[in-house]
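When you get a sec, could you give me coordinates for this:
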Amino acid sequence: MGRRTVLAALGIGATGLGLGTAASPRASAAAPASGTPAAFAQPSCILTPEAMEGPYFIDEDLIRRNIIEDRQGIPLEVRITIVDGVNCTPLAGAEVDIWHCDAGGWYSGHLDTSPDVPATSPEHVEPTDPSRFLRGLQITNRRGEVSFRTIYPGWYYGRTIHIHLTAHVGGQEVHTGQLYFPEEISREVALLEPYVRHTGTERLTNQEDSIYLEQGGAQTTMNVRPLRPGRPKLGYVASITAGVSSGQTPEPPVSPSA
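Have a look, this model is predicted:
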């Protein structure tokens, strides 16, 4: 069974995921997110635009912070804060999946699908091999934060550079989207090894990508900074806050005293 089925069967509801509540067994099994509150993007009470899931999601519980495995590329730390889009409170205990292609455009689980030709379908495709690089799941801490150690993604036919994201609260999917990078950073990375060797298909810019343009890409572009200015090979840190519809009810306003 996939994660959604398992959590629904356990009866883990969204109301049990607020601040100050005990973590679920799965949350305690996950490695804690790193960083301080200042290292993450500041909360925003705006629902983050959703985007298509794409064909390459794999519904497995790969609970891990480091998702690199054997992939080569520029180091990247992705820091995500999940907040309730209505009342702006951090969502503790939310499950956050990310997945993306490697520097050459390949997705794990789908190594029979060339990144240099159009995808056969935008709908879900079952994995065809056991590889699982550049995929992982983390549980948000009480500040709504998770972080992943990965590499800067590459690109594939018809798409700009991006990361896929889903978030679940209480076994229910509350957000499916894609995260993007500032064009000036992607342009710089594309000139470095091993990305520069990917010549089989052209890298689209954000403004050339119809999904970016039509599904809120400008609002889901991450804040990206180099670990050391002027030395891109050392890596980057990317951060974003995602406001999701969690089903929580906002607190009623307090009437002023007479």
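
quick one, strands of the stretch 51-200 of the chain?
Listed from the start of the chain, the stretch 51-200 of the chain has strands (DSSP state E, counting those that start in this stretch) covering 75-84, 95-99, 135-139, 145-151, 162-169, 172-180.

Of all these, which one is nearest residue 117?
Proximity to residue 117, assessed across those by C-beta to C-beta, is greatest for strand 162-169 (18.4 Å). C-beta coordinates here come from the backbone N, C-alpha and C atoms, glycine included.

picking up where we left off before, in CSV, list the strands of the stretch 51-200 of the chain along with mean pLDDT.
As requested, the strands of the stretch 51-200 of the chain are exported to CSV (pLDDT from 0 to 100):
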stretch, mean pLDDT
strand 75-84, 97
strand 95-99, 98
strand 135-139, 98
strand 145-151, 98
strand 162-169, 96
strand 172-180, 95
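
so which of these gets nearest residue 123?
Across those, the minimum distance to residue 123, taken as C-beta to C-beta, is reached by strand 172-180, at 13.5 Å.

what residues does that closest one touch?
Under the criterion C-beta atoms under 8 Å, 6 or more residues apart in numbering, residues 4, 8, 14, 48-54, 78, 82, 94, 98, 160-168, 206, 211-212, 215-217, 220-222, 238, 240, 242, 244-247 lie in contact with strand 172-180.

and the angle from that strand to strand 75-84?
140 degrees (axes from the mean of the first three to the mean of the last three C-alpha atoms, to 10 degrees).

what angle separates strand 172-180 from strand 162-169?
Angle of strand 172-180 versus strand 162-169, following the same axes, to 10 degrees, is 160 degrees.

Report the angle between strand 172-180 and strand 95-99.
Using the same axes, to 10 degrees, strand 172-180 lies at 40 degrees relative to strand 95-99.

Strand 172-180: how far from the chain's middle?
Between the mean C-alpha location of strand 172-180 and the chain-wide mean there is a distance of 7 Å, by C-alpha atoms, centre = their mean, to the nearest Å.

Now do the same contact list for residue 121.
Residue 121 makes contacts with residue 55, as judged by C-beta under 8 Å, 6+ apart.
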